[in-house]
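>>> got a structure for you, letters missing:
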């Protein structure tokens, strides 16, 4: 049973549109009915070209519910001038519900495919339940959605889905190719703390990140997630104050005094500090590229090694390697993105503290001579 308002591509009602009901694979009329018993046929109008259609009213609505009899149909929707909007197959009792979303209640148990622009207004929990596949190839707007009103098992969108709602909306997606994890993103409800928006990996029963009502963003768990990767770095971080790093004695081993070799290496590192320019900035700006202060990690490693120290045992020396990203695009298909690479880096705060110990040793030596 169908009785739904149809729309133009511009979003207005398909006024005086035409609905043709054919025997599947032909343009031969196959009668549709206004009642479940199939005793009252719809009124058909001749199009003057040998075809007959059910006329939509000025609001783009059928004059009565549409019931189909046994056997497959081709349902064709046309504009008032006879130009085609779409043609779809309907098999009563199987996937007939794939054609229309019921306006006043019903269940979609087959596949609903929207390839143009669809507007679903005032959807409530009593009107729509989807247990099949919703495929959206255009732009779909769902307005007036109430909390807990719609459940979509599978959602594939080549366009966009806009949902305007009050209550506690959330969306669910499933990774069917990789780890098979299900992700939920949204706010409120049982998945999220009150007043927060975030992403939950419901398969792993883990929150990945959240934003509270004051706009504060937090990871899903303490000290478990990174911001950026070695291969995909943030360009600039603007902040009102500096980063706060854990320095609590309860989470550290006792602090050990630097060895003589470490102090000597720290003194040598201080002498390497100078100016430099980044090569990409030079390529883009030439002599206008700005000067930066520091040293290279490779030179720091050389100095540490010369003093008998294993540079990579120290947290201020960082080295990362990465492979190209492999993305699974289907059950047996993959795509490669990016290129493998590696990069050296500093934890500058720890490097400067190491060098500061060298300064202290030099000052102590000077004071001893005074």
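Happy to help now that I have it. If you're wondering where the values come from, they're calculated on a predicted model, not measured in any experiment.
>>> got the contact list for the biggest helix by length in the chain?
Looking across the chain with DSSP state H, the single longest helix is helix 348-369. Helix 348-369 has contacts (CB atoms under 8 Å, 6 or more residues apart in numbering) with 245, 258, 262-270, 273, 294, 300, 314-316. C-beta coordinates here come from the backbone N, C-alpha and C atoms, glycine included.
>>> now with 6 Å?
For helix 348-369, contacts defined as CB atoms under 6 Å, 6 or more residues apart in numbering pick out 258, 263, 266-267, 269-270, 315-316.
>>> quick one: buried residues of that helix?
The neighbour-count check on helix 348-369 (16 or more other CB atoms under 10 Å) flags 351, 354-355, 358, 361 as buried.
>>> would you list the residues you listed in JSON lines and tack on pLDDT?
JSON lines is the format used below for those (pLDDT from 0 to 100):
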{"residue": "351", "pLDDT": "97"}
{"residue": "354", "pLDDT": "97"}
{"residue": "355", "pLDDT": "97"}
{"residue": "358", "pLDDT": "94"}
{"residue": "361", "pLDDT": "92"}
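>>> wait, which of the residues you listed is closest to residue 77?
Within the buried residues of helix 348-369, the smallest distance to residue 77 is 69.0 Å, found for residue 351 (CB to CB).
>>> Quick check: the two most widely separated of the buried residues of helix 348-369?
351 and 361 (16.2 Å).
>>> I'd like to know the beta-bridge partner residues of residue 334.
residue 328 (DSSP bridges).
>>> same question but for residue 218, I mixed them up
residue 210.
>>> Residue 343 now?
residue 320.
>>> From residue 324, how far off is residue 283?
Remark: distance between residue 283 and residue 324 (CB to CB, to the nearest Å) = 24 Å.
>>> and the two? which has more neighbours close in?
Set side by side, residue 283 and residue 324 show more neighbours around residue 324, with 12 against 9, by other CB atoms under 10 Å.
>>> Contact partners for the more buried one?
336, 338-340.
>>> Let me know the closest of these to residue 57.
The closest of the contacts of residue 324, once distances to residue 57 are taken by CB to CB, is residue 336, at 54.5 Å.
>>> Next, give phi and psi for that closest one.
Backbone torsions for residue 336, taken as degrees, to the nearest 10, come to phi -110, psi 130.
>>> mind checking pLDDT for the residue nearest to it when sequence neighbours are not counted?
Distance criterion CB to CB, 6 or more residues apart in numbering; nearest residue to residue 336, sequence neighbours excluded, is residue 324 at 5.0 Å. Looking at residue 324, its pLDDT is 88.
>>> is it true that residue 268 lies in a helix?
Yes: per DSSP: H, G, I helix; E, B strand; the rest coil, residue 268 lies within a helix segment.
>>> Burial check on residue 219, number of neighbours?
Quick note: residue 219 (other CB under 10 Å) scores 15 neighbours.
>>> Likewise for the one 4 residues further on?
Here the count is done by other CB under 10 Å, and residue 223 has 7 residues near it.
>>> Could you say which helix or strand holds the residue lying closest to residue 307 once chain neighbours are set aside?
Nearest residue to residue 307, sequence neighbours excluded (CB to CB, 6+ apart): residue 265, at 4.2 Å. Per DSSP states H and E: residue 265 is located in helix 260-270.
>>> Return the set of buried residues in that helix.
262-270.
>>> Quick check: nearest residue in space to residue 15, chain neighbours excluded?
Going by CB to CB, 6+ apart, residue 15 has residue 58 as its nearest residue, at 4.8 Å.
>>> what ranges do the helices span in the chain?
Under DSSP H, the chain gives helices at 260-270, 279-285, 297-306, 348-369.
>>> Quick one: closest of these to residue 53.
Among these, helix 279-285 sits nearest to residue 53 (CB to CB), with 63.5 Å.
>>> what does that closest one rub up against?
With CB under 6 Å, 6+ apart, helix 279-285 has contacts from residue 289.
>>> one more time with 10 Å
Defining contact as CB atoms under 10 Å, 6 or more residues apart in numbering, one finds that helix 279-285 is touched by 277-278, 288-292.
>>> cool, and stretch 246-254?
223, 255.
>>> Over to stretch 262-272?
Counting by CB under 10 Å, 6+ apart, 256-259, 294-296, 299-300, 302-309, 311, 314, 316, 351-362, 364-365 sit against stretch 262-272.
>>> mind redoing it with 8 Å?
Contacts for stretch 262-272 (CB under 8 Å, 6+ apart): 258, 295, 299-300, 303-304, 306-307, 309, 351, 354-359, 361-362.
>>> So what's the residue count around residue 41?
With other CB under 10 Å as criterion, residue 41 counts 14.
>>> just so I know, which of the helices of the chain lies nearest residue 84?
Across the helices of the chain, closest to residue 84 is helix 279-285 (CB to CB), at 52.9 Å.
>>> same question for the closest one, mean pLDDT?
Rounded mean pLDDT across helix 279-285 is 96.
>>> in that helix, what's buried?
Buried, per 16+ other CB under 10 Å, within helix 279-285: nothing.
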